[in-house]
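> Requesting a structural model of the entry that follows:
(one chain, ligands or ions: 1)
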Amino acid sequence: MSLFVVNRYLGDGNDEKCEKSNDLNKLLLKVEERRKLKEENERVARANGVNVRESKKERHKRLRKLRRKEEKNQKKGENDDNEEGVSGEEGNEGDKCNEFEDQDIELPESGQDSLKKNEGEKSESPGFTVIGGHDFKKKIEVKRYLPDWLAKPFRIPTDLKNLSTTVNDLPDLDKTIVDNLKKHGVTHFFPVQKEVIPWVLHERQKCSTGLKHWPRDVCVSVPTGSGKTLAFVLPVIQSLKPSLIRRVRALVVLPVQDLAAQVAKVFVQYAQGTGLRVLTVTGRAMPLHTEQSLLVRQRVDGGFDSRVDIVVTTPGRLVEHLTQTAGFTLSHLQFVVVDEADRVIDNVKNDWLYHLENHLLAAGIKRIPALTLDTLNSDPVRPQKLLFSATMTQDPEKLKLLNLFQPRLFTSSLDSANETKNGGGKDDNAGDLVLPAELQQKWLSCSHEQLKPLILYHVLATEGWRGVLCFTHYTDATRRLARLLSLICAACRLQLTVDEISSEVSFEQRNRIVAEFTRGDIDVLVCSDAYARGMDISGVRYVILYSPPKHLNNYIHQVGRTARAGVAGTSLTLLNPPQVKSFHKLLKMSSFTGKLEEMKIDEKELSYLEEPYRDSLTALKNEATDSN
Ligand SMILES: Nc1ncnc2c1ncn2[C@@H]1O[C@H](COP(=O)(O)OP(=O)(O)OP(=O)(O)O)[C@@H](O)[C@H]1O
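Residues are numbered from 1 along each chain as shown. Prediction:
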């Protein structure tokens, strides 16, 4: 705390005296008085062993010491003596208060009391008044406050079973789209679709009226498997449909190629009959020059025409096209959709946001200028940004990167302003992350890491689990575990088909494996973390996390591969004893309605697997040696 000593007006009584003397003389006198007082105070301070030039740190140290001494004395109950002592000190400190005028020196409470007293008594040093409080109470921690749009979101229910809105109930929805929905077996809208689709359509309608209107951006954070994809696919298709000229009007960005392919497929399904063309440019299926020829066509006059309306891409490939594809322009963009937005924002590898913003800037679309009538009239309508994720970031700094315009948050989080539970930044998500209501979560403690393959086999064999997705952290571990499990099954004569899916498996193979799994031809699919996000594989009834999740977000996306679209699912996390506590701590940061159940296995029961396990390990070793 700082002590401020200021020269203050003395009042009318003094004025009378002052009137008699010359103003300048009076001032000089005062300055001289002040100097003398200061010298005297410094002398007294030195005599008391106080270093007037002490550093802040030293000062704090000294004050702490004094305070502790004071407290000690009080505890001892030397009331009378102490009072004298303290008042004695007060006297000293009171003196010190003057001694340190013009210096930023702090005083202990006792000294401050004295100061306050002095102040009340109109101060012993005339013409100087001490202002400002001086207490040593612990300061109240300043809470982080969220911007209004994050703190006051629109709540989306998580119940996917009791649906009341049929596909015919949204009056703004085009008949072609409604027909497509029915064709794909969608009869009712999920809550997120029911709220977001009309909201986005309404914003677009405002743009199409004669009045200038910039559509507000949208952030959606609802659980995995709750139908986010249709919540952006349908309004985008509906809004783009009436255009006669083909231009890239929607850009959809996803973090990985497989997800982009999955989302593009949904766009194609629901754009049927609308005349809209969708193109996936991820570099997975075609080389760059083929993608370029599918994106733009050069006219005879040298200009370029777009061949597509909707581009689905990954950040890296987008930058390649922005920088290398002649005639590829986003100047007519109406939508920028970012699915798995928190992950895409983190993807700084290609600085895609920077390139996109620069491209838009070159097309005259400024990064949110000040909203005035002038800018509204002169600036082109900005593309509306739609951000989706089950684990949407709440970090305003990160969201700022996206230059959102008056965003609206739709979330299932119970309390987005409740940061204390999330540790105020441990995870930068909006409030409590929500897991699907139909998810049953289990965990199992294995005494040794080496026992995990046996426990995995034992669970599959005894519980009869099929339709299992088993996550490992690394591609190597994926391959090894899939092979080891197959060998143990063979050695134990258990009819169980195991396969693996990772980035090392080719795209065509991945498609084949997923199709076989969906058909039920593969019982257990061992995957790397890369498949945790967004992948919608039907038939996943169980998710096993072979290793505990590193972050809550990872956990949410991994277990979220089951219990989708209102269908029940179970997750099981294998842990070592030291990991149990941290796992529970991690889960406390999310809010799931179901209970967490411990699955118990008597490890002595696993003795029947000793021999098959040993044989399988030997076979695995031999296979590895042969392949080398
Ligand atoms: N209204 C609906 N009625 C029936 N099924 C639906 C409906 N909407 C979506 N689905 C189905 O629900 C499943 C999950 O949808 P989707 O992939 O969009 O979820 P998501 O919220 O994007 O999940 P994630 O966060 O994991 O990406 C899909 O198989 C989809 O076809």
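> Residue numbers of the chain in contact with the ligand?
186, 188-190, 193, 224-230, 390, 534, 536, 560, 564-565 (Cβ under 6 Å from any ligand atom). All C-beta atoms are positioned from the backbone trio N, CA, C, and that covers glycine.
> Go through those and flag which are in strands.
Per DSSP state E, strands hold no members of the residues of the chain next to the ligand.
> Give me the buried entries from these.
186, 189-190, 193, 224-230, 390, 534, 536, 560, 564 (16 or more other Cβ atoms under 10 Å).
> Okay, and which of the residues you listed map to helices?
193, 228, 229, 230 (DSSP state H).
> a markdown table for these, including pLDDT?
Below are those laid out as a markdown table (pLDDT from 0 to 100):
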| residue | pLDDT |
| --- | --- |
| 193 | 97 |
| 228 | 97 |
| 229 | 97 |
| 230 | 97 |
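> Show me the two of the residues you listed that sit farthest apart.
For these, the maximum inter-member distance is 9.5 Å, found between 193 and 229 (Cβ to Cβ).
> Now do the shared contacts for those two.
Counting by Cβ atoms under 8 Å, 6 or more residues apart in numbering, residue 193 and residue 229 have no contacts in common.
> Looking at the ones in helices among the buried ones among the residues of the chain next to the ligand, which is nearest residue 582?
Of these, the one sitting nearest to residue 582 (Cβ to Cβ) turns out to be residue 228, at 29.4 Å.
> ok, the closest one touching residue 337?
No: Residue 228 is beyond contact range of residue 337, at 10.4 Å (criterion: Cβ atoms under 8 Å).
> who touches both of those two?
Contacts common to residue 228 and residue 337, judged by Cβ under 8 Å, 6+ apart, are residue 388.
> since we're on residue 46, how many residues are nearby?
12 (other Cβ atoms under 10 Å).
> so it sits in a helix?
Yes: assessed with DSSP: H, G, I helix; E, B strand; the rest coil, residue 46 lies in a helix.
> just use 28 as the starting number from now, easier for me
In the new numbering, first residue 28, that becomes residue 73.
> What's the separation between it and residue 67?
11 Å (Cβ to Cβ, to the nearest Å).
> Can you point out the buried residues in the helix or strand that contains residue 70?
Per DSSP states H and E: residue 70 is located in helix 50-74. Of all the residues in helix 50-74, those buried under the rule 16+ other Cβ under 10 Å are 61, 64, 65, 68, 69, 72.
> Go through the helix or strand where residue 487 lies and flag the buried ones.
Residue 487 belongs to helix 479-490 when elements are defined using DSSP H and E. Within helix 479-490, the residues scored as buried using 16+ other Cβ under 10 Å are 479, 480, 481, 482, 483, 484, 485, 486, 487.
> Between helix 479-490 and the helix or strand hosting residue 511, find me the angle.
Here residue 511, judged by DSSP H and E, is contained in helix 502-518. Helix 502-518 runs at 50 degrees relative to helix 479-490, counting by axes from the mean of the first three to the mean of the last three Cα atoms, to 10 degrees.
> what packs against helix 502-518?
helix 479-490, strand 495-499, strand 525-528, strand 551-555, helix 637-654 (3 or more Cβ pairs under 8 Å, 6 or more residues apart in numbering; DSSP states H and E).
> can we see that at 7 Å?
Contacts defined by 3 or more Cβ pairs under 7 Å, 6 or more residues apart in numbering; DSSP states H and E place helix 502-518 against helix 479-490, strand 525-528, strand 551-555, helix 637-654.
> Compare those and say which comes out lowest on pLDDT.
When these are ranked by mean pLDDT, helix 637-654 comes last with a mean of 87.
> one step back: among the helices and strands packed on helix 502-518, which is nearest residue 166?
strand 551-555 (47.3 Å).
> so what strands line up beside that closest one?
strand 495-499 (parallel), strand 525-528 (parallel) (DSSP bridges).
> mind saving the C-alpha coords of the longest one as CSV?
It refers to strand 495-499. Provided in CSV are the C-alpha atoms of strand 495-499 (Å, rounded to 0.1, in the frame of the first residue of the first chain):
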residue,chain,number,x,y,z
VAL,A,495,-16.2,-52.1,-30.0
LEU,A,496,-14.0,-49.1,-30.8
CYS,A,497,-10.8,-49.4,-28.8
PHE,A,498,-8.6,-46.2,-28.7
THR,A,499,-4.9,-46.1,-28.2
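> Dihedrals phi and psi, residue 466?
phi -90, psi 130 (degrees, to the nearest 10).
> Now do the helices in the stretch 278-427 of the chain.
284-297, 315-322, 342-351, 368-373, 379-389, 400-405, 423-427 (DSSP state H, counting those that start in this stretch).
> Present these as a markdown table; the columns should include mean neighbour count, distance to residue 607 and mean pLDDT.
Converted to a markdown table, these look like this (neighbours: other Cβ atoms under 10 Å; distance: least, Cβ to Cβ, whole Å; pLDDT from 0 to 100):
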| stretch | mean neighbour count | distance to residue 607 | mean pLDDT |
| --- | --- | --- | --- |
| helix 284-297 | 21 | 32 | 95 |
| helix 315-322 | 15 | 48 | 95 |
| helix 342-351 | 18 | 37 | 93 |
| helix 368-373 | 21 | 27 | 81 |
| helix 379-389 | 17 | 40 | 86 |
| helix 400-405 | 11 | 56 | 71 |
| helix 423-427 | 14 | 32 | 78 |
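> closest to residue 94 out of those helices?
Nearest of these (Cβ to Cβ): helix 423-427, 38.4 Å.
> Alpha carbons of the closest one, in CSV - could you do that?
Output in CSV follows, covering the C-alpha atoms of helix 423-427 (Å, rounded to 0.1, in the frame of the first residue of the first chain):
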residue,chain,number,x,y,z
PRO,A,423,-12.0,-15.2,-25.7
GLU,A,424,-8.5,-14.7,-26.9
LYS,A,425,-8.8,-17.7,-29.2
LEU,A,426,-12.3,-16.8,-30.3
LYS,A,427,-11.0,-13.3,-31.1
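> Number of residues surrounding residue 206?
That count, for residue 206 with other Cβ under 10 Å as the rule, works out to 13.
> quick revisit: mean confidence score for the helix holding residue 70?
Here the average pLDDT along helix 50-74 is 82.
> Output the contacting helices and strands for that helix.
Using 3+ Cβ pairs under 7 Å, 6+ apart: helix 50-74 touches helix 106-126.
> For the ligand, what's the nearest residue on the stretch 478-627 of the chain?
residue 592 (3.3 Å; Cβ to the nearest ligand atom).
> Contacts only, for that residue.
Neighbour list for residue 592: 187, 252, 254 [criterion: Cβ atoms under 7 Å, 6 or more residues apart in numbering].
> distance of the first one from residue 365?
Here the distance between residue 187 and residue 365 works out to 24 Å (Cβ to Cβ).
> Name whatever forms a beta bridge with residue 466.
Residue 466 forms beta bridges with residue 596, as assigned by DSSP bridges.
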